[in-house]
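Peer 1: The following comprises the amino acid sequence and a computationally predicted model.
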Amino acid sequence: MGMPDRISDRLQSAEYYAIDGDQSEILELLLAQGEDNWLPWQQKRPLLHLACERGAWNCTRFLVAERSDEINQCYDEYYPIHQAAMQDLKFLEILLQCGADVLVKTATQQMTVLHVVLLSGRKSAEATLQTLKMLLDHGCRELINEPDTLGNTPLHALIVRYALEESRFGYAQEPSPWNKWDMLHMVRYLLQNGASPSINHQGNSALACVLRHIQDWEFRYELLEMLLKNGGNPNSVGRDGSVPLMVCLVPLINKDPLQFLAHNKKVFYLNSVLLLCKYGANPNCSSRSNLTPMHVLVFTASEYIILSKEEHKNQAFAFIRNLLVILLQHGLDPNVKFSARYEHILKALMDMVTNARVPSDLHYVYDLTLVLIQYGADPNASIGSAEATICHSQSSVFLYVQSNWVLCHYIQLIVRKEELLNDEEQTFTKLIWLYYYCMNHKELFKCFKMLSTQTTLIPMGSVIAGLLKYMRSHPRTLKQISRVAICNALNNKVAQNVNRLPLPLPLKEYLLDWRP
């Protein structure tokens, strides 16, 4: 009664105790008496099931001959072969020799023997692999892509099993937890034996399964690479409407605080996104709720700009910027409608200005804006404002603007942030200069004209009013105007095409940097 894996400590039948102690002679005597030794409150169980479940080898050998009718009998969801497959290999071997059907499935979850071995078996990786080989050699090969009721194939079951194994690392348990090399070997074995279609199982991509369940980012990358090389489709849509890229990115919003991610994890996170994009993942994808990679990055940036520790903030925005560059390099469109509230991504970044606490926070807004403009975001995009805007922080006057530009919107925001305007270094002017250098002449001076009429919003003696007056009275140089013309000819996609231009390196850098 003291065995740790005993099913129940309650009083059991004599047959149960015989099987529990693997006493086949006693079991034979009990069965020869022909008496019913089950107690009234006990549910009768097929003895072969019990023997296989308890790992009673001697009793199993006796019962496959004595109770052969139980070999393919289902009890409590399982068949004897499901229980035997989780024991030593000889249990499975003797059942197969006696005619056990390897194609049976559990009654409710519809799990094959392969599912059970990979998900529930308590064997070492080597023993599990030997069991897989025996099952595939005896007819299970046709079930290698068979899904259960949740849509999980044996390949999915293996991925989920490793996620469970990860939680056991560091504990002295028998058998020892599988390591990632064991896992890769088993995944490779399944793929070599026909499991490739499982990678793109409809509604349940194995790529998404890896991204949801595997916590080790280095191993996650290696597993993704193996699956993609074997035909994995990075645009396979899951039951929840998400593709693998969205499954990878969404946790940034509410699950993976960047300040707590080690540098190594961030590197493999970026490499995993790069790998998905390299194999064709669409960076303009969206979830069923219309969430896109661009939304994820903007929401994440808006959250991290309010961090109090500058070191954490620097690291977070370096990661966000690198992630944005990867997506832009692989086709992310920075000019698609961002949302009903923000027509353009450049305007959406202005939320970060609203959340900015100190002047240095505007450097992060500048960096992301610059990257977007380098990769094709249109600084001349006309945006609408459906909201009344407060003209001055101490004023009751409201301004309703039907149509303007991001530069106008930025200035309307910044004049209400006195803690940013009082900066001795005037960091807030960086974004104004950026738009001054990259906007078309027509749109830029329309913007200046609109702002010049808003004297209630921008007092005449303010720093911003002086800067705007200087810009209106000092037109851009011919070199600066030529830069705008070249960018327009490239459809604003300077970063993607600059290396194709027959220009010296300093001029290429000049096109990208938007400096004076």
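Peer 2: Okay, I see it. Model, not experiment: these values are computed from the prediction.
Peer 1: now the strands for the stretch 201-350 of the chain?
Peer 2: Counting by DSSP state E, counting those that start in this stretch, the stretch 201-350 of the chain has no strands to list.
Peer 1: Any stretches of it with poor pLDDT?
Peer 2: Counting by pLDDT under 70, the stretch 201-350 of the chain contains low-confidence residues at 255-256.
Peer 1: Run through the helices of it in chain order.
Peer 2: For the stretch 201-350 of the chain, the helices defined by DSSP state H, counting those that start in this stretch cover 206-213, 217-229, 244-249, 251-254, 263-278, 293-304, 310-329, 345-348, 350-355.
Peer 1: where in this protein is pLDDT low?
Peer 2: Scanning the chain for pLDDT under 70 picks out 1-12, 34-43, 168-174, 255-256, 384-403, 455-456.
Peer 1: Can you pull up the most central residue in it?
Peer 2: To find the centre residue of the chain, average its C-alpha atoms and take the closest one (Cα atoms, centre = their mean): that gives residue 248, at 1.6 Å.
Peer 1: hmm, back to that, reformat the helices of the stretch 201-350 of the chain as JSON lines; add distance to residue 108.
Peer 2: C-beta: built from backbone N, CA, C; applies to glycine. Putting the helices of the stretch 201-350 of the chain into JSON lines (distance: least, Cβ to Cβ, whole Å) gives the following:
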{"stretch": "helix 206-213", "distance to residue 108": "21"}
{"stretch": "helix 217-229", "distance to residue 108": "29"}
{"stretch": "helix 244-249", "distance to residue 108": "27"}
{"stretch": "helix 251-254", "distance to residue 108": "31"}
{"stretch": "helix 263-278", "distance to residue 108": "35"}
{"stretch": "helix 293-304", "distance to residue 108": "37"}
{"stretch": "helix 310-329", "distance to residue 108": "42"}
{"stretch": "helix 345-348", "distance to residue 108": "47"}
{"stretch": "helix 350-355", "distance to residue 108": "48"}
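Peer 1: who wins for proximity to residue 76 among those helices?
Peer 2: The stretch from the helices of the stretch 201-350 of the chain with the least distance to residue 76 (Cβ to Cβ) is helix 206-213; that distance is 27.4 Å.
Peer 1: what comes into contact with that closest one?
Peer 2: With Cβ atoms under 8 Å, 6 or more residues apart in numbering as the test, helix 206-213 has contacts from 152-153, 155-156, 159-160, 162-163, 198-200, 220, 223-224, 227-228, 232-234, 236, 238, 242-244, 247-248, 272, 276.
Peer 1: report the angle between the axes of it and helix 217-229?
Peer 2: Angular relation of helix 206-213 and helix 217-229 on a 0 to 180 degree scale: 170 degrees, by axes from the mean of the first three to the mean of the last three Cα atoms, to 10 degrees.
Peer 1: mind checking how far helix 206-213 is from the chain centre?
Peer 2: 8 Å (Cα atoms, centre = their mean, to the nearest Å).
Peer 1: now the angle between helix 263-278 and it, please.
Peer 2: In this structure, helix 206-213 runs at an angle of 160 degrees to helix 263-278, with the same axes, to 10 degrees as the basis.
Peer 1: so residue 100 touches residue 83, yeah?
Peer 2: No: with contacts counted by Cβ atoms under 8 Å, residue 100 stays clear of residue 83, the gap being 10.8 Å.
Peer 1: And the helices in the stretch 401-516 of the chain, which stretches?
Peer 2: 406-414, 418-421, 429-438, 441-452, 463-473, 478-489, 494-497, 505-513.
Peer 1: so which of those helices gets nearest residue 187?
Peer 2: Closest of those to residue 187 is helix 494-497, at 35.8 Å (criterion: Cβ to Cβ).
Peer 1: helices or strands up against the closest one?
Peer 2: Other elements packing on helix 494-497 under the criterion 3 or more Cβ pairs under 8 Å, 6 or more residues apart in numbering; DSSP states H and E are helix 310-329, helix 505-513.
Peer 1: Show the contacting residues for residue 371.
Peer 2: Shown in contact with residue 371 (Cβ under 8 Å, 6+ apart): 321, 324-325, 328.
Peer 1: could you dump those residues to CSV with distance to residue 190 and neighbour count?
Peer 2: Written out in CSV, the entries for the contacts of residue 371 read as follows (distance: Cβ to Cβ, whole Å; neighbours: other Cβ atoms under 10 Å):
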residue, distance to residue 190, neighbour count
321, 38, 17
324, 36, 22
325, 36, 16
328, 36, 22
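Peer 1: Looking at those residues, which is nearest residue 17?
Peer 2: Distance to residue 17 across the contacts of residue 371 (Cβ to Cβ) is lowest for residue 324, with 66.3 Å.
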